[in-house]
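A.B. asks: Coordinates for the following, if possible.
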Amino acid sequence: MKRNPNFPFAPSKSPIFYGWIVMFAGTIGVIASIPGQTMGVSVFTNYLIDSLQLSRDALSSAYLIGTVTSSLFLTHAGKIYDKFGARFTAMIAAFGLGITLILFSYSHLLSESISSSINIGFSTSSFVLISLLFFFLRFSGQGVLTLASRNMVMKWFDQRRGLANSLSSAIQSFGFAVSPLFIALIITRFDWSTAYQALAILTVLFIIFAYFLYRDNPEECGLIPDGKMIETKVESLPTFQSKKQYTLKEARSTWVFWVFALSLCFNAFFITGFTFNIISIFESCGFSEQKALSVFIPVSIISIITAVTGNIFSDYIRIQKLLFVYLIGCFLASLGIAILESEIGYYILIVGNGIMGGLYSVLVAISWPRFFGRKHLGAISGLSMSLVVFSSAFAPLFFSRIHTLTNSYSLAGYVGIACAILLFVFSVKAKNPQLQ
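C.D. replies: Got it, this is the predicted structure:
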């Protein structure tokens, strides 16, 4: 398939460096993936349970099945991204996401039709159907659309990659913070089925948006990363340019890939488990629902500050140093869960989550092009994304089972502490392969 980077217009004729337009477009792409993200799913959870006549455990199990299955295909999706580029990949992913959202809006009717057609129980048909829909939702939304949008932005910058990602992360954080309220407002004004259809319409509008603004890389548009102005200033900045373009096979044979990938998996696992069970976690420690939900506000503030600061510093320091700070955040977030019954635990949890979430957005975007180059970025980040999605699938059930067995979530925190310490020890030797 031809990419036609100069159609419907040539980015080289833009009055400003087109990378900044790409940064904005890619950021909107990540925000458009919210219906496939954990927070997008969680808003509809109770409505799906009631309409599909499923227990909470059954819905969580369907979510697990769909998410794990989707993770198995993301590495291949990354290779498709490398071949066909960001515009084509993002448009196809958004189209799949839109169709899936429409099917979700009619899931109760589809389940009833399946149940009567093949003479099985309504709950059984609901479980099978929703597992399949979760697969498409997580694969197209959280997986492919996020991968294509984030990688596209990183390809357009080199020396200013951190600055671009800092602006993108700040906008993303705001979008992710207000999106649950926006979705809840639609549900309150209409109903959950109409809300899914409204999100599908927005996804169609995004496809048009992506067609006009998405471009895979500056070279095919007759431009260079960072724009022409940076070319005259590059000597004043540290050299982090990729000398070798690693293949997927070469990248996954390095120590640094697995240390960073598993560290990113920690965030996905912890945040997913925490978000799914947040009210129960706080209630088990004697806190109110309002106290539980209010935690996101200070966490978001710290996360935005950390993300902007971390992205700016990433242009001047080695990523390994940011990984150290990130893992300290992982340790504090876990410690906060472990000792949440005490007042200090609440504040430790907030600080830890803010640091971990903010630097996650830095590491997940900056690390792979810095370490392994841009040529096979889709395949390498695709493998990383598949591991992240895979790990997030098990978190809700893990947290839930710990509470069932111990009547507390403290053990989940202590397990997190042990993992954070282990990853910190491993990260000492996680050097940038480009410097070796």
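
A.B. asks: check contacts around F324.
C.D. replies: F424, S427 (Cβ atoms under 8 Å, 6 or more residues apart in numbering). Any C-beta I mention is one placed from the backbone N, CA and C, and that applies to glycine too.

A.B. asks: again, but for Y106
C.D. replies: S193.

A.B. asks: Tell me the buried residues in stretch 330-347?
C.D. replies: 330-340, 345-346 (16 or more other Cβ atoms under 10 Å).

A.B. asks: now for the helix or strand S166 falls within, which elements pack on it?
C.D. replies: Assigned by DSSP states H and E, S166 belongs to helix 161-189. Here helix 161-189 touches helix 18-32, helix 38-42, helix 146-155, helix 192-213, helix 296-314, helix 343-372, going by 3 or more Cβ pairs under 8 Å, 6 or more residues apart in numbering; DSSP states H and E.

A.B. asks: For V256, find the nearest of these.
C.D. replies: Across these, the minimum distance to V256, taken as Cβ to Cβ, is reached by helix 343-372, at 6.1 Å.

A.B. asks: Tell me which helix or strand comes right after the closest one.
C.D. replies: Counting by DSSP H and E, the next helix or strand C-terminal to helix 343-372 is helix 377-406.

A.B. asks: now the angle from that next one to helix 343-372?
C.D. replies: On the basis of axes from the mean of the first three to the mean of the last three Cα atoms, to 10 degrees, helix 377-406 is oriented at 160 degrees to helix 343-372.

A.B. asks: which strands and helices sit next to helix 377-406?
C.D. replies: Judged by 3+ Cβ pairs under 8 Å, 6+ apart, helix 377-406 is in contact with helix 56-71, helix 74-84, helix 146-155, helix 248-251, helix 255-276, helix 278-284, helix 343-372, helix 410-427.

A.B. asks: Pick the most buried one from the helices and strands packed on helix 161-189.
C.D. replies: helix 146-155 (a mean of 27; mean count of other Cβ atoms under 10 Å).

A.B. asks: For the helix holding S166, give the mean pLDDT please.
C.D. replies: For helix 161-189, mean pLDDT rounds to 83.

A.B. asks: Between the helices and strands packed on helix 377-406, which one is closest to I297.
C.D. replies: Comparing the helices and strands packed on helix 377-406 by Cβ to Cβ, helix 343-372 comes nearest, at 9.4 Å.

A.B. asks: so how far does stretch 67-77 reach from one end to the other?
C.D. replies: Taking Cα to Cα, to the nearest Å, stretch 67-77 runs 15 Å from one end to the other.

A.B. asks: ok, so of the buried residues of stretch 330-347, who is nearest V425?
C.D. replies: Nearest to V425 among the buried residues of stretch 330-347, counting by Cβ to Cβ, is F331 at 12.0 Å.

A.B. asks: How far does the helix or strand harbouring the closest one sit from its chain's centre?
C.D. replies: Per DSSP H and E, F331 falls inside helix 319-338. From the chain centre to the centre of helix 319-338 is a distance of 18 Å (Cα atoms, centre = their mean, to the nearest Å).

A.B. asks: again, but for stretch 177-188
C.D. replies: On Cα atoms, centre = their mean, the centre of stretch 177-188 falls 19 Å from that of its chain.

A.B. asks: next one: stretch 35-53
C.D. replies: 18 Å.

A.B. asks: buried residues in that stretch?
C.D. replies: For stretch 35-53, using 16+ other Cβ under 10 Å, the buried residues are 35-44, 47-48, 51-53.

A.B. asks: Spatially, what comes nearest to D57 if we skip its sequence neighbours?
C.D. replies: Leaving aside its chain neighbours, D57 sits nearest to S400 (7.6 Å; criterion: Cβ to Cβ, 6 or more residues apart in numbering).

A.B. asks: ok, that neighbour - contacts?
C.D. replies: D57, S60, F276, N277 are the contacts of S400 under Cβ under 8 Å, 6+ apart.

A.B. asks: now, which of those residues sits nearest L435?
C.D. replies: F276 (39.6 Å).

A.B. asks: Leaving out the residues flanking it, which one is nearest to S105?
C.D. replies: Y196 is the one closest to S105 (Cβ to Cβ, 6+ apart), at 3.7 Å.

A.B. asks: Pretty sure the one you found sits against F44.
C.D. replies: Yes - with contact defined as Cβ atoms under 8 Å, Y196 counts as touching F44 (7.5 Å).

A.B. asks: Identify the contacts common to these two.
C.D. replies: By Cβ under 8 Å, 6+ apart, the residues touching both Y196 and F44 are F104.

A.B. asks: For I366, see how far away P433 is.
C.D. replies: Between P433 and I366 the computed distance is 15 Å (Cβ to Cβ, to the nearest Å).

A.B. asks: what do you get for H76?
C.D. replies: 24 Å.

A.B. asks: Same question for R150.
C.D. replies: R150 is 10 Å from I366, by Cβ to Cβ.

A.B. asks: got it, and R189?
C.D. replies: 40 Å.

A.B. asks: what does A170 give?
C.D. replies: From A170 to I366 the distance is 15 Å (Cβ to Cβ).
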